[in-house]
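Novice: Okay, sequence plus prediction incoming.
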Amino acid sequence: MTALAQRPTDSPPSDSVPPGIDAHRLAERRVLPLRHPLRWVITALVLVLLLNFAQTLFTNPSWEWEKVGKWFFSPPILKGLQLTIVATAISAVVSFFGGIVVAVARLSGNPVLSTLSSFYIWLFRSVPLLLVLVFLFNLGNLYPEIGVGIPFGPQFTVNTVATLTPLALGVIGLSLSEIAYSAEVVRSGLLAVDQGQHEAADALGIPKRRQFTRIVLPQALRSIVPAYVNQIIGLIKASSLLYYVSLLDLFGIAQNLGSTYPTDVIPLLVVATIWYLILTSVIAVVQYYIERFYARGTVRVLPPTPLQRVRRALSSRRATAGVA
Amino acid sequence: MTIITPKRLQTLGALAAAAALVAGLAACSSSTEAAPADTGTVTVAAFSNGAGTETKIKVSAVEEIRKTLPKKVLDSGKLTIGIGALPAGFPPLAFTGDDNETLTGAEPDLGRLVAGVFGLKPEVKNATWDNLFVGIDTGATDVGFSNITDTEKRKEKYDFASYRGDNLAFQVKDSNKWEFDNNFENLNGLNVAVGSGTNQEKILLEWKTKLEAEGKTLTVTYFPDNNATTLALNSGKIDAYFGPNPGIAYGNKLSAGSANPTRTAGIFSGAGETLEGLIAATVKKDSGLAQPIADAINYLIENGQYGQWLDAWGLKNEAVTKSLVNPPGLPLDNN
Amino acid sequence: MTQAIAVHNATKSYGDKTVLRGVDFSVEAGTVTVILGPSGSGKSTLLRAINHLEKLDEGFVSLNGELIGVRVKGDRLKELRPREILRQRAKIGFVFQNFNLFPHLTILENVSEAPISHGIKPAEARKTAAALLARVGLSDKEASYPRQLSGGQQQRVAIARALALDPDVILFDEPTSALDPELVGEVLAVIRTLAGSGKTLIVVTHEIGFAREVADRVVFMDEGAIVEEGVPEQVLNHPAHSRTQDFLSKVLA
């Protein structure tokens, strides 16, 4: 303020300021921020709609909340939930490592391997999962026996129908399809790692395998993790197609119960929806911490976790309370 | 091939471990039939959620019929009965019981009675409608008891042993005063749901053609399963559902007193106007199982168990007098 | 004096563009050589060819009598397996213009990574790494991540990392070009301490002052060939060739 007061009082050259304004007074005032009245109107509208919807959840008898409560922890629903979790978890793990193998094969200099893996990705991204499952179920028709052996040489074989249980078929089907997608996720993650990182590792003479596990993959995982978690969430829902191999997941059970209890169809669908919301939320929390782990080194200071934030807020309030 | 390095071996090991885990879990999930056949009694309409009356029916192995079975089936000691009730069942014919576990319904129960005549242990397998047939094709399933209509097209791949007639009904909301009155003209202007690829679809489409010839309309709508049809009926998207009478009767019974009660607005014989539609046990063509199954059903008809079974499920209107092997089916184009 | 590095007929082109035209070049053990030249003159390619980050079309590099990246097969040279090349690189340190530190590893892990991967016990590697970090004045940053450091500090870590395998030769590819001017000095100071320590240093740089003060020998390259070379006093103060004169007048302007 004093600095301003000491300035010479003659006005600045008239052509640099719009005519008729007091340049000195205006320069000292705080600039008013732009108002957004439309934003407030839209917010109010959305809130009203949301409240209306929330109200129907309690007042519309169609939801039949007491039936939702009855089914929510019922043994068949929990059994379906278990199948959803088990099938998704195994497929997610298998697909992750399978995806790395296919992605590395695709990026490798070996033309046979890279062509094969490109073909694999093309094939299983093109064919709907549903068809994959139907074909797998038909495996007994196409190949009555499966086995390994030397072409035209000795073979070790087993009967298809007897060996592959529905869960095995289902997990294989989910994984076959999922590996194609996760391979692309992994590949894009690997390509996102700066060429300089490869050069630096090469220049230090770090063995190739260790370059991959210690230098390249951890950096690639940073971009792989969010995309792959997206895949897993898709996988949870894809597992509802498992009834094609005679397995009832969460959604399948809800449908099956709905046919036995036709008056409970909507509550059963609500139960399934809530469980899917819970599963996705749990995964989102896990994702947050995994991403945080792989973000180390990319930002100068990691932001506090929600838990740390709550704890900090509480302790600061306690401190203020103590002072008061 | 590239060289398999120790690290890759570890990865392969992890995959193998995961595969073993799958196999282990899968082993836990296979189901077995609770009631063995050699007790001489089959409990029908168990856990039926009110669709039928639980009844114990005495049935014992009949050696003359048993000895005509193919050796493969006899040696296995069990009869694998397929139903196509995934993901949603169709009570009271084939569905998951109200213990939320047992596969119950008129169809698998007749399969259990037939297994009793054979002196075999029944094993009921649930699958999607498509996979039911795939199961019969691959030999994983011996016979389908699943409200399968005998058609000429299906005879190209399967043999049939008939056991039940096919009555159809119109289901409407209780508040809807419409009646069929055994006259298709009354369908004018309505939107009616029907199962795709069924006998009743063919009948409904014939009526639609006749109505349109008169300048009238009939909209035919399809849904993937019974749950979706029920929801559409409740919400008023469709005026009526045209389907198997037993299932509609069951739905009406359960909906009484609920938010969306329904009722039957007319019954029509599934025989259609030209040919009798028959429900039949379905086996792989030339598997040698059709004749023994027909013999077993005829044995059950003659000895009264068939009547008890119909009574237990309230299906008396659908009774047949004799089981036939490959009776004339609905024509080829009916699918 | 013994020759540490000898380059024979280094020839390299990318498609139609020839970047090295049969360069012959040698460096004596324990000396500091500065390579100067306008951008696109092939100086970085030559440097990268020395530790086989670039493959030569013709010609070869030898270090203390051992061929780098190739072996003799009959009357031809044949490329070595990646594993063997990686092993050879342990004897040649390389410092990049953009540091190329591993961002997900701490400073200490960055420096100890290569020794551990070459079979040194982790505890021992960490001890050596800590000593090297002390030598470049960054003892207090051991647990930091690269992005938490200034550019100058990062390049000092990169030098410590290159020293961790105790190489005979260290190659610097424009080590100060990516730095803000006020940070150049601290990096040059570290390089200066290495001069005369027995290590052979080859530095591609535009820092004429540094070359004049530290280099035993200055090489001027243009259009994929060595135009002139000699002691700093001769090349920098009395360049014989007009292209050298041109370049110096632009850089010093």
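Specialist: Thanks, I have it.

Novice: C-alpha from now on. contacts and neighbour counts both.
Specialist: Fine.

Novice: so where's chain A shaky on pLDDT?
Specialist: Applying pLDDT under 70 to chain A flags the ranges A:1-15, A:140-163, A:299-301, A:317-324.

Novice: Mind telling me which residue of it is nearest chain C?
Specialist: For chain A and chain C, the shortest gap (CA to the nearest CA) falls at residue A:205, measuring 4.1 Å.

Novice: Can you tell me the SS state at that residue?
Specialist: coil (DSSP: H, G, I helix; E, B strand; the rest coil).

Novice: repeat for residue B:56
Specialist: Here residue B:56 is recorded as strand under three-state DSSP.

Novice: tally of neighbours for residue C:175?
Specialist: When neighbours are defined as other CA atoms under 10 Å in any protein chain shown, residue C:175 has 27 of them.

Novice: before we move on, what about residue A:304?
Specialist: Residues near residue A:304, counting by other CA under 10 Å: 11.

Novice: likewise residue A:115?
Specialist: Counted with other CA under 10 Å, residues neighbouring residue A:115 total 15.

Novice: ok, back up a step: what about the closest residue to the residue of chain A closest to chain C other than its chain neighbours, how many residues nearby?
Specialist: Nearest non-adjacent residue to residue A:205, counting by CA to CA, 6 or more residues apart in numbering or on different chains: residue C:86, 4.1 Å away. Look at residue C:86: counted by other CA under 10 Å, it has 23 neighbours.

Novice: Could you measure from residue B:169 over to chain A?
Specialist: Residue B:169 sits 17 Å away from chain A, going by CA to the nearest CA, to the nearest Å.

Novice: Might you report the residue contacts of residue B:252?
Specialist: B:261, B:262, B:263, B:264 (CA atoms under 8 Å, 6 or more residues apart in numbering or on different chains).

Novice: Residue C:44 now?
Specialist: Neighbour list for residue C:44: C:173, C:204 [criterion: CA under 8 Å, 6+ apart].

Novice: Could I get the pLDDT score of it?
Specialist: pLDDT recorded at residue C:44 is 94.

Novice: Could you tell me the backbone phi and psi angles at residue A:209?
Specialist: Phi and psi for residue A:209, reported as degrees, to the nearest 10, are phi -60, psi -40.

Novice: how about residue A:132, phi and psi?
Specialist: Dihedral pair for residue A:132: phi -60, psi -40, per degrees, to the nearest 10.

Novice: Quick check: it touching residue A:171?
Specialist: No - the pair residue A:132 / residue A:171 is not scored as a contact, 11.3 Å apart, by CA atoms under 8 Å.

Novice: if we can go back for a sec, just the ones of the contacts of residue B:252 in strands?
Specialist: B:262, B:263, B:264 (DSSP state E).

Novice: follow-up on the earlier one: would you check that the residue nearest to residue A:205 makes contact with residue A:209?
Specialist: No - taking CA under 8 Å as the definition, residue C:86 is not a contact partner of residue A:209, at 11.7 Å.

Novice: what does chain C put close to chain A?
Specialist: Contact residues (CA under 8 Å from any CA of the partner chain) of chain C with chain A: C:51, C:53, C:83, C:85-90, C:92-94, C:96, C:100-106, C:114, C:117-118, C:145-148, C:162.

Novice: Are any of those buried, and if so which?
Specialist: C:51, C:53, C:85-90, C:92-94, C:96, C:100-106, C:114, C:117-118, C:145-148, C:162 (16 or more other CA atoms under 10 Å in any protein chain shown).

Novice: Leaving out the residues flanking it, which one is nearest to the residue nearest the centre of chain B?
Specialist: Nearest residue to the geometric centre of chain B (CA atoms, centre = their mean): residue B:146, 2.3 Å. Excluding the flanking residues, the one nearest residue B:146 by CA to CA, 6+ apart is residue B:83, at 4.9 Å.

Novice: What helix or strand is the one you found located in?
Specialist: Element membership for residue B:83 (DSSP states H and E) is strand B:78-86.

Novice: Kindly format the C-alpha coordinates of the helix or strand hosting the residue nearest to residue A:205 as CSV.
Specialist: According to DSSP H and E, residue C:86 maps onto helix C:82-89. The C-alpha trace of helix C:82-89 is given here as CSV (Å, rounded to 0.1, in the frame of the first residue of the first chain):
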residue,chain,number,x,y,z
PRO,C,82,23.0,-60.0,-25.6
ARG,C,83,24.1,-61.7,-22.4
GLU,C,84,27.8,-61.4,-23.4
ILE,C,85,27.4,-57.8,-24.5
LEU,C,86,25.7,-56.9,-21.2
ARG,C,87,28.6,-58.4,-19.3
GLN,C,88,31.1,-56.4,-21.3
ARG,C,89,29.2,-53.2,-20.5
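
Novice: packing partners for it?
Specialist: Packing partners of helix C:82-89 (3 or more CA pairs under 8 Å, 6 or more residues apart in numbering or on different chains; DSSP states H and E): helix A:195-203.

Novice: and with 6 Å instead?
Specialist: Helix C:82-89 sits against no helix or strand, with contacts defined as 3 or more CA pairs under 6 Å, 6 or more residues apart in numbering or on different chains; DSSP states H and E.

Novice: Mind listing residues that contact it?
Specialist: Residues outside helix C:82-89 that contact it (CA atoms under 6 Å, 6 or more residues apart in numbering or on different chains) are A:205, C:69.
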